[in-house]
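In: Okay, sequence plus prediction incoming.
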Amino acid sequence: MLLSAGDNVSASLYVSSVQDDEPTISYLNALGLKASAAGNHEFDRGLADLQNRISQSADFPIFGANVTDTATGKPALEPFTIVTSPDGTKIGVIGTVTTETPQLTDPSALASVNFGDTVAATNKYADQLSDGNEANGEADVIVAEYHQGVD
């Protein structure tokens, strides 16, 4: 299962960047990428660009379990997906992005979202995916995708 931890766009090579990263997204689609955590560069042009341009071109979901709407407190991005392997194993994939995203991108484009604790968000959805309630999703294996910098 091919996964990405984010920064698929914006920090890309010039030849892709000048084409709004369509070559990179097309390549990831062709590779069969199953899911990606959002990286801080996915937010370089704001949440609306991520939702309306990047996600619309991608054949894979882009997650931000720790990204919430500041007005409602609800998830601004999908927090996880469940991928079923050929042998029937259900794999829950939870993605988070660094809490430093507003300092790494233009914060004026991110006023409507909050970047909460990555571990708390991951644990919240891992608990949900393993609580025995099929209605809210269940997984045999859980994978956490963190887009986290290193000091």
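Out: Looks like it arrived, so ask away. Numbering: from 1, shown residues only.

In: any idea which residue of the chain is furthest from its center?
Out: Distance from the C-alpha centroid of the chain, by Cα atoms, centre = their mean, peaks at D87 (25.4 Å).

In: how much space between the nearest residue in space to S57 that is not next to it in sequence and I54?
Out: Excluding the flanking residues, the one nearest S57 by Cβ to Cβ, 6 or more residues apart in numbering is I25, at 4.6 Å. Placement of C-beta: from N, CA and C, glycine included. Relative to I54, I25 is positioned 7 Å away (Cβ to Cβ, to the nearest Å).

In: Determine the residues that are contacts of both of the two.
Out: Shared contacts of I25 and I54, defined by Cβ atoms under 8 Å, 6 or more residues apart in numbering, are found at V9.

In: helices and strands of the chain: which one bottoms out on pLDDT?
Out: Every helix and strand of the chain was ranked by mean pLDDT, DSSP states H and E. The lowest is helix 14-17, at a mean of 88.

In: Any buried residues in it, and which?
Out: Using 16 or more other Cβ atoms under 10 Å as the test for burial, helix 14-17 gives S16.

In: what about the next helix-or-strand element following it, distance to the chain center?
Out: Remark: after helix 14-17, the chain's next helix or strand is helix 22-31, criterion DSSP states H and E. Counting by Cα atoms, centre = their mean, to the nearest Å, helix 22-31 is centred 16 Å from the centre of its parent chain.
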